[in-house]
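Chemist: Return a 3D structure for these sequence lines:
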Amino acid sequence: MNNVEKNPFFAATTALLIIVLAFSSCEIVMRIYNRSQNRTRPIWIPDTYLGLVHSPNNKFLYEKDTGETFSIWHETNALGLLGGKIDIDKPIGTERVLVLGDSFTEAFEVSSEENFCTLLQRYFDSDDVAFGKTYEVVNAGVSGYSPISEYLYLRRDLIELEPDVIVVQLFADDVFEDHKARAMSVLDKEKLPVKISRYFLKDYQGHPPLDFEKTQNISVFEQIHNVLIKTSWYIQYLHSRSFKAQENTDYNKEMMALPQFNDNEQFFIIQEDSLFFKDGTFVGVAWQNTKRYLLAIKGLAEERNAKVVFLYIPLRNQMGILDSGADVPLEFRRPASTYLNELLEKFSQREEVGFLDMLPVFEANKDEELYYINGGTLTPKGHRLVAQELFEFLNAQENGGL
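Modeler: Presented below is the predicted three-dimensional model:
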């Protein structure tokens, strides 16, 4: 062995070079393969603390067939938010409206021009009572999110956008989703999430409380990993395999088999025929936890002198629109009450938070095909109605202005 080979620096450099070459080769192969299959980058990518987020700087084709066929192009910006470029530093004179929500806000089933966030932006742009201000609407909707995820997303990333108004879009399954996500989370001493998994992990069950601020002090290795997971198709592939393994663990399957985590009961808070609706203790605890996350969002907003508005989009069953047939999801065949609407209204009044319940307006327009039949999400007509009502509601909050 010569002197060069004995040099520790030479050995380390050689090993690093081999790793880089191996990784680069895998990355190239993965990209060539995906392009040969006409695959775009993943829409959602793994996230250590939120489970999943949108991949940034991504233009992708959303395709889905649920009876209706969707094939629509969308794009995200550098922050992973839907739409064009957004500067973290808010321009002077700009009022920023941040919309948190789930698939109704994300709205991949309609074009970006038909999304209620985009339509709301147009209302602001054309309004003659803007008092010289510029309004910027930011769509932060992510499929599968509920108040527990939206709180963590806001605290970790979005609060730095300095929103003036935070609209929290709510839906009938949010209490269930919060209940389920909480069982997949690591919490802090205030019972608020610091880590949310996509699946049930044994390590998270009974995990000692973590301090949120300490989780943000990440190592150089974690920083590199976070960059790679946003840009590397190979790393994203490895994570997808890892998540598949988590999904297939006996523990996750056992937990998913429990009735309280079964998606057939996701609307238990408004379906009186649900066993869980009849369990007052279960409903009470689940609702208290959802309130906890909504209050945490309100607290973050108040720290930045921002206002909060709750926007409720109804389940179509709440208007008596029921479907039948074996191919129709169970949730669209069961009658639904307004119990959650009543809870939200009382809660909003007590906490002095603006609450826009879209149920009465949707009820008055229920013959206008506001929902896609099988998917249950909003059609362009539904989005137009939400945008119009939300614009008028926001302007009315302070006698004609935000």
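
Chemist: C-alpha from now on. contacts and neighbour counts both.
Modeler: Fine.

Chemist: For stretch 202-215, which residues meet the burial criterion?
Modeler: 204, 210, 212 (16 or more other C-alpha atoms under 10 Å).

Chemist: Can you tell me which of those lies closest to residue 161?
Modeler: For these, the closest approach to residue 161 (C-alpha to C-alpha) belongs to residue 212, at 19.2 Å.

Chemist: re the thing from before, now intersect the buried residues of stretch 202-215 with the strands, please.
Modeler: Among the buried residues of stretch 202-215, no member falls in strands (DSSP state E).

Chemist: Need the residues you listed in TSV (columns: pLDDT and distance to residue 293).
Modeler: Formatted as TSV, the buried residues of stretch 202-215 follow (pLDDT from 0 to 100; distance: C-alpha to C-alpha, whole Å):
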residue	pLDDT	distance to residue 293
204	92	19
210	93	17
212	91	15
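
Chemist: Tabulate these (TSV), appending distance to residue 138.
Modeler: Shown next, in TSV, are the buried residues of stretch 202-215 (distance: C-alpha to C-alpha, whole Å):
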residue	distance to residue 138
204	32
210	30
212	25
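
Chemist: Which of these sits closest to residue 189?
Modeler: Nearest to residue 189 among those, with distances taken as C-alpha to C-alpha, is residue 210, at 7.2 Å.

Chemist: need the contact list for the closest one.
Modeler: 186-189, 194 (C-alpha atoms under 8 Å, 6 or more residues apart in numbering).

Chemist: Which of those residues fall in strands?
Modeler: 186-187, 194.

Chemist: Tally up the residues packed near the residue nearest to residue 306 when sequence neighbours are not counted, please.
Modeler: Once flanking residues are discounted, residue 306 sits nearest to residue 164: 4.5 Å by C-alpha to C-alpha, 6 or more residues apart in numbering. By other C-alpha atoms under 10 Å, 21 other residues sit near residue 164.

Chemist: Repeat that for the one 10 residues further on.
Modeler: Neighbours of residue 174 under the rule other C-alpha under 10 Å: 24.

Chemist: What distance do you get for the nearest residue to it once chain neighbours are set aside to residue 354?
Modeler: Of all residues not flanking residue 174 in the chain, residue 146 sits nearest, at 5.3 Å (C-alpha to C-alpha, 6+ apart). Taking C-alpha to C-alpha, to the nearest Å as the measure, residue 146 falls 18 Å from residue 354.

Chemist: From the contact counts, what lies against the helix or strand that contains residue 119?
Modeler: According to DSSP states H and E, residue 119 maps onto helix 116-126. If you count contacts as 3 or more C-alpha pairs under 8 Å, 6 or more residues apart in numbering; DSSP states H and E, helix 116-126 packs onto strand 134-141, helix 380-396.

Chemist: can I get those in TSV with mean pLDDT and distance to residue 56?
Modeler: Formatted as TSV, the helices and strands packed on helix 116-126 follow (pLDDT from 0 to 100; distance: least, C-alpha to C-alpha, whole Å):
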stretch	mean pLDDT	distance to residue 56
strand 134-141	96	13
helix 380-396	96	25
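
Chemist: quick one: residue 62 and residue 383, what's the gap?
Modeler: Distance from residue 62 to residue 383, by C-alpha to C-alpha: 18 Å.

Chemist: what do you get for residue 279?
Modeler: For residue 279, the distance to residue 383 - C-alpha to C-alpha - is 35 Å.

Chemist: and those two? which has more neighbours close in?
Modeler: residue 383 (25 against 10).

Chemist: I'd assumed residue 115 was in contact with that one.
Modeler: Yes. At 5.9 Å, residue 383 and residue 115 qualify as touching, with contact defined as C-alpha atoms under 8 Å.

Chemist: any idea of the mean pLDDT for the host helix or strand of residue 341?
Modeler: Assigned by DSSP H and E, residue 341 falls within helix 339-351. For helix 339-351, the mean pLDDT works out to 97.

Chemist: For that helix, what is the distance to the chain centroid?
Modeler: Remark: helix 339-351 is offset 22 Å from the chain centroid, using C-alpha atoms, centre = their mean, to the nearest Å.

Chemist: Mind listing what's buried along it?
Modeler: For helix 339-351, by 16+ other C-alpha under 10 Å, it's 340-341, 344-345, 347-348.

Chemist: for the next helix or strand along the chain from it, packing partners?
Modeler: Remark: after helix 339-351, the chain's next helix or strand is strand 354-357, criterion DSSP H and E. Counting contacts by 3+ C-alpha pairs under 8 Å, 6+ apart, strand 354-357 packs against strand 307-312, helix 339-351.

Chemist: From the centroid of the protein, which residue is nearest?
Modeler: With the centre of the chain defined as its mean C-alpha position, the nearest residue by C-alpha atoms, centre = their mean is residue 142, 2.8 Å away.

Chemist: ok so, going back, look up the pLDDT of the residue nearest to residue 306 for me, please.
Modeler: 96.

Chemist: Looks like it contacts residue 309 (just checking).
Modeler: No. Applying C-alpha under 8 Å, one finds residue 164 not in contact with residue 309, separated by 11.0 Å.

Chemist: distance between the ends of stretch 95-115?
Modeler: End residues of stretch 95-115 are separated by 20 Å (C-alpha to C-alpha).

Chemist: Could you pull out the strands in the stretch 1-150 of the chain for me?
Modeler: Taking DSSP state E, counting those that start in this stretch to define them, one finds strands in the stretch 1-150 of the chain at 44-47, 51-54, 59-65, 69-75, 94-101, 134-141.

Chemist: How many neighbouring residues does residue 301 have?
Modeler: By other C-alpha under 10 Å, 21 other residues sit near residue 301.
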